[in-house]
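Asks: Predicted coordinates and the sequence they were generated for:
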Amino acid sequence: MSESRSPAHVPLAERLRPRQLAEVIGQQHLLGPGMALRLAFESGQPHSCILWGPPGVGKTTIARLMAHAFEAEFISISAVLGGVKDIREAVERALIARDGLQGRRTLVFVDEVHRFNKSQQDAFLPHVESGLFTFIGATTENPSFEVNSALLSRATVYVLQALAEPELRQIVHKAQVLGAVPALDEAALVQLLAQADGDARRLLNTLETVALAAAREGLSSITEAWLMRVLGERMRRFDKGGEQFYDTISALHKSVRGSDPDAALYWLVRMIDGGVDPRYIARRLVRMASEDIGLADPRALHLALDAAEVYERLGSPEGELALAQCVVYLAVAPKSNAVYKAYKAARAFVKEDGTRAVPLHLRNAPTRLMRELDYGKGYRYAHDEEDGFAAGERYLPEGMAEPHFYQPVPRGLEIKIGEKLRELREKNREQGKS
């Protein structure tokens, strides 16, 4: 009896997996004509790389296509399940492929490479260096923090992006062309795309579930009401990118800004309960700490970053408590948007202003020629001055008036910052008179 499966029994994600580069949907910033990864394919010369991006955006597919394009042996290792034993086996297979009659190249693909520890990652180094195989790592985490610097220095990092709605629609269309999915009304399709959240694999798995349920009920088309009934809590109540999503994050932000911890907690829980990625919320909390609290309480930014890191380590539901703690702290902290306003004012000024020369006394002078040209001449080293302040020294370009971008507010730590600035400006005025 044959072990091959009919197409209907092959998972939809596998049936739609691209077999050539032209079939890939998304990542055109890398795979479009003239783009970096496309040029790598066309060069015929494989190179080690890290594919960094969220789940379901094509990392495994691109690795497989690279192996096919370079006619290389493809070896896949899961860092979740594998270890040094798998790496040794990959080395042995690569040696056999290289030393065989055809002298084939080998491409070793490591999924979730960030799961390997330092010693496991180090095991690849001598073989990447020798050219025994081309290394491709896939990760959802920032490789700067999760991949050894030695391995990272030998690999090009390509950043993959979540698929946009038009790209997800193309995938649905392909599934329908195969006859794998019944007709969908627009509202149902919009809900499916929102639930996928840029993840093609999640979209295809959901489509498969929906198609099976529709077949059982003999449905030839799917409505939003039926979809919501069948999938229930699996569906997001937020259309990411839609009005309700942005209205709710706006309500959370304004509640924090308005110093109402109860309202802020309510909107936080509404978002989490609605399926919003808590990591997105964490990023917004970091922004709130800078924009609405700033130097009135610098601890707020540290707490927001800590909360984001705790969530990354613990995930849901445990890590959500750290986000709640952060939300309450931000809500009750003293508020200042002085740095936010100062930064915007400085950006607007620089955009409109011409390019002004750096004053000679502020220029770096590492060479003799630069010193002969008076670079750095007359610069006063603040630490050698009384109270560590070079009163009367000027740090702006010649002819530029004092812009006073930063105006501290009379709240929190900025009360003391304001007092300090007034004291320093008075010293500057006194120095100017003498």
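Replies: Okay, I see it.

Asks: so where's the chain uncertain?
Replies: Low-confidence segments of the chain (pLDDT under 70): 1-8, 232-244, 433-434.

Asks: In this structure Leu268 contacts Val327, no?
Replies: Yes. Counting by C-beta atoms under 8 Å, Leu268 does reach Val327; the two are 5.1 Å apart. Heads up, the C-betas are built off the backbone N, CA and C, glycines and all.

Asks: tell me the contacts of Lys351?
Replies: If you count contacts by C-beta atoms under 8 Å, 6 or more residues apart in numbering, Lys351 has none.

Asks: can you tell me the helix or strand for it?
Replies: Lys351 is part of helix 338-352 when elements are defined by DSSP states H and E.

Asks: For the spatially closest residue to Ile62 that is not a sequence neighbour, give the beta-bridge partners.
Replies: Distances taken as C-beta to C-beta, 6 or more residues apart in numbering place Leu51 nearest to Ile62, at 6.2 Å, with adjacent residues excluded. Per DSSP bridges, residues listed as beta-bridge partners of Leu51: Ala138, Tyr158.

Asks: Run a quick neighbour tally on the spatially closest residue to Phe405 that is not a sequence neighbour.
Replies: Here the nearest residue to Phe405 in space, its sequence neighbours aside, is Ala342; by C-beta to C-beta, 6+ apart that works out to 4.1 Å. Residue neighbour count, defined by other C-beta atoms under 10 Å, stands at 17 for Ala342.

Asks: ok, Ala342 to Ile415 distance?
Replies: Ala342 is 17 Å from Ile415, where distance means C-beta to C-beta, to the nearest Å.

Asks: ok, Ser220 - contacts?
Replies: 182-183.

Asks: got it, and Ala213?
Replies: Contact partners of Ala213, counting by C-beta under 8 Å, 6+ apart, are Val230.

Asks: in the host helix or strand of it, what counts as buried?
Replies: Assigned by DSSP H and E, Ala213 belongs to helix 200-217. Neighbour-count burial for helix 200-217 flags 200-208, 210-211, 213-214 (criterion: 16 or more other C-beta atoms under 10 Å).

Asks: and Gly218, how many neighbours does it have?
Replies: With neighbours defined by other C-beta under 10 Å, the count for Gly218 comes to 6.

Asks: Tell me how far it lies from Leu39.
Replies: 50 Å.

Asks: ok, for Pro403, nearest residue in space, not its chain neighbours?
Replies: Using C-beta to C-beta, 6+ apart, the nearest residue to Pro403 is Phe349, at 6.2 Å.

Asks: Surely the one you found touches His404?
Replies: No. If you go by C-beta under 8 Å, Phe349 and His404 don't touch, sitting 11.0 Å apart.

Asks: can you list residues touching both of those two?
Replies: Counting by C-beta under 8 Å, 6+ apart, Phe349 and His404 have no contacts in common.

Asks: Would you map the helices across the stretch 201-350 of the chain?
Replies: With helices called from DSSP state H, counting those that start in this stretch, the stretch 201-350 of the chain shows them at 224-231, 243-257, 261-273, 278-288, 299-314, 320-332, 338-352.

Asks: Make JSON lines out of these and add distance to Val157.
Replies: JSON lines is the format used below for the helices of the stretch 201-350 of the chain (distance: least, C-beta to C-beta, whole Å):
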{"stretch": "helix 224-231", "distance to Val157": "36"}
{"stretch": "helix 243-257", "distance to Val157": "30"}
{"stretch": "helix 261-273", "distance to Val157": "31"}
{"stretch": "helix 278-288", "distance to Val157": "20"}
{"stretch": "helix 299-314", "distance to Val157": "19"}
{"stretch": "helix 320-332", "distance to Val157": "29"}
{"stretch": "helix 338-352", "distance to Val157": "29"}
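
Asks: residue contacts, Arg201?
Replies: By C-beta under 8 Å, 6+ apart, the contact list for Arg201 reads 13, 55-56.

Asks: Which parts of this protein are strands?
Replies: Secondary structure of the chain (DSSP state E): strands located at 49-52, 73-78, 106-111, 134-139, 156-159, 183-184, 221-222.

Asks: Can I get the ones you listed in CSV including mean neighbour count and distance to Ala382?
Replies: Below are the strands of the chain laid out as CSV (neighbours: other C-beta atoms under 10 Å; distance: least, C-beta to C-beta, whole Å):
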stretch, mean neighbour count, distance to Ala382
strand 49-52, 24, 41
strand 73-78, 18, 55
strand 106-111, 24, 50
strand 134-139, 26, 44
strand 156-159, 16, 39
strand 183-184, 16, 67
strand 221-222, 17, 69
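
Asks: Can you list the buried residues in stretch 280-292?
Replies: 281-282, 284-286, 288-292.

Asks: can you check stretch 139-157 too?
Replies: By neighbour count with 16+ other C-beta under 10 Å, stretch 139-157 contains the buried residues 139, 143, 146-148, 151-152, 154-155.

Asks: Let's have those residues in TSV, adding distance to Lys420.
Replies: Converted to TSV, these look like this (distance: C-beta to C-beta, whole Å):
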residue	distance to Lys420
Thr139	45
Pro143	41
Glu146	41
Val147	43
Asn148	44
Leu151	46
Leu152	42
Arg154	48
Ala155	47
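
Asks: mind listing which of these are in helices?
Replies: Members of these lying in helices (criterion: DSSP state H): 143, 146, 151-152.

Asks: Out of the residues you listed, give me the two with the largest separation.
Replies: Spanning the widest gap among those are Glu146 and Leu151, at 10.6 Å by C-beta to C-beta.

Asks: longest helix of the chain?
Replies: Secondary structure assigned by DSSP H gives helix 414-433 as the longest helix of the chain.

Asks: Next, the angle helix 338-352 makes with that one.
Replies: Counting by axes from the mean of the first three to the mean of the last three C-alpha atoms, to 10 degrees, helix 414-433 lies at 50 degrees to helix 338-352.

Asks: Output helix 414-433 as PDB, nothing but the C-alphas.
Replies: Output of helix 414-433 as PDB, limited to C-alpha atoms (Å, rounded to 0.1, in the frame of the first residue of the first chain):
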ATOM      1  CA  GLU A 414      11.800  68.600  36.700                       C
ATOM      2  CA  ILE A 415      11.200  71.100  39.500                       C
ATOM      3  CA  LYS A 416      14.900  70.600  40.600                       C
ATOM      4  CA  ILE A 417      16.000  70.400  36.900                       C
ATOM      5  CA  GLY A 418      14.300  73.800  36.300                       C
ATOM      6  CA  GLU A 419      16.100  75.300  39.400                       C
ATOM      7  CA  LYS A 420      19.400  74.000  38.200                       C
ATOM      8  CA  LEU A 421      19.000  75.400  34.700                       C
ATOM      9  CA  ARG A 422      18.100  78.800  36.100                       C
ATOM     10  CA  GLU A 423      21.200  78.700  38.200                       C
ATOM     11  CA  LEU A 424      23.400  77.800  35.300                       C
ATOM     12  CA  ARG A 425      21.900  80.400  33.000                       C
ATOM     13  CA  GLU A 426      22.500  83.100  35.700                       C
ATOM     14  CA  LYS A 427      26.100  82.100  35.900                       C
ATOM     15  CA  ASN A 428      26.400  82.400  32.100                       C
ATOM     16  CA  ARG A 429      24.900  85.900  32.300                       C
ATOM     17  CA  GLU A 430      27.300  87.000  35.000                       C
ATOM     18  CA  GLN A 431      30.200  85.600  33.000                       C
ATOM     19  CA  GLY A 432      29.000  87.600  30.000                       C
ATOM     20  CA  LYS A 433      29.000  90.800  32.000                       C
END
